[in-house]
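Student: Please find the sequence and the predicted model below.
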Amino acid sequence: MPTRAPRTLPVRAERAAPPAAFTAAVESLEHASIRDDVVVQDTPAPTRIAPHAAAVTIDLDESASGRLVYLHDPAGQQAWSGRDRLVAFARVEVDDAMATDALLADVVWAWLIEAMEAHGAALRALGGTVTTTSSRRYGNLAHLPPTQEVELRCSWSPVPGPDGFADLAPHLAGLVDTVAAMSGRPPA
């Protein structure tokens, strides 16, 4: 009987230890000045977009939430204009009058810009969308009332400091304030 060569299983590449720039940026999130009425928690980050990633959720209540994802690629990415990228999502239920306001998208975008500036968040390559949705439920969900929501989806590259590390604290604080403004809460 002929002998066969032993089967070898593919070797899974282990993720490299995170570089100091990534670790410092993630640690800077802990120093963000966050409103007392907001809960920020670590959450699993996507694993296929960048070699290193971290994420947090932002919760004001059941009708206002967000997420901030930090992506780090030591080799950099041209579309990011660097090696760091922040991706944000916010969703807030709004009343009918606010949802039908033709200027709502422009106002939400302005709130984001103003909040980032107020916290001193240095950024570049900012882009995104503001979407208003209306949902009516049917079938076994018909007992639930219709909802109006506004969503902010955006991304930007934080500008690293002179030490080469990105301080993400002002970016998180700016996003938190944006979500709070979207939900109609007064400034902290």
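Tutor: Right, received. Where do you want to start?

Student: hey, let's count contacts and neighbours off CA atoms from now on
Tutor: Noted.

Student: Quick check: buried residues in the lowest-mean-pLDDT helix or strand in the chain?
Tutor: Taking mean pLDDT, DSSP states H and E as the measure, the chain has helix 96-99 as its least confident helix or strand, at a mean of 86. If you call a residue buried by 16 or more other C-alpha atoms under 10 Å, then helix 96-99 has these buried ones: Met98, Ala99.

Student: That helix packs against which elements?
Tutor: For helix 96-99, the elements it packs on are strand 147-158, judged by 3 or more C-alpha pairs under 8 Å, 6 or more residues apart in numbering; DSSP states H and E.

Student: could I get the strand it packs on in PDB with only the CA atoms?
Tutor: The C-alpha atoms that make up strand 147-158 are tabulated as PDB, following Å, rounded to 0.1, in the frame of the first residue of the first chain:
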ATOM      1  CA  THR A 147     -41.200  56.000  14.200                       C
ATOM      2  CA  GLN A 148     -39.200  58.800  12.700                       C
ATOM      3  CA  GLU A 149     -35.400  58.600  12.900                       C
ATOM      4  CA  VAL A 150     -32.400  60.600  11.900                       C
ATOM      5  CA  GLU A 151     -29.100  58.800  11.300                       C
ATOM      6  CA  LEU A 152     -25.600  60.100  11.000                       C
ATOM      7  CA  ARG A 153     -23.000  58.000   9.300                       C
ATOM      8  CA  CYS A 154     -19.500  59.500   8.800                       C
ATOM      9  CA  SER A 155     -15.800  58.900   8.900                       C
ATOM     10  CA  TRP A 156     -12.700  61.100   9.300                       C
ATOM     11  CA  SER A 157      -9.000  60.800  10.000                       C
ATOM     12  CA  PRO A 158      -7.800  62.200  13.300                       C
END
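
Student: That one - which strands sit beside it in the sheet, and in what orientation?
Tutor: Paired strands of strand 147-158, with direction, are strand 82-94 (antiparallel), strand 123-135 (antiparallel) (DSSP bridges).

Student: picking that back up, let me see the residues that make contact with the least confident helix or strand of the chain.
Tutor: Contacts to helix 96-99, defined as C-alpha atoms under 8 Å, 6 or more residues apart in numbering, come from residues Leu104, Thr132, Thr133, Gln148, Glu149, Val150.

Student: got the CA positions of it in CSV?
Tutor: Output of helix 96-99 as CSV, limited to C-alpha atoms (Å, rounded to 0.1, in the frame of the first residue of the first chain):
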residue,chain,number,x,y,z
ASP,A,96,-42.7,64.2,13.2
ALA,A,97,-42.1,68.0,13.0
MET,A,98,-38.3,67.5,13.3
ALA,A,99,-38.3,64.6,10.8
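
Student: No further queries at this time; thank you.
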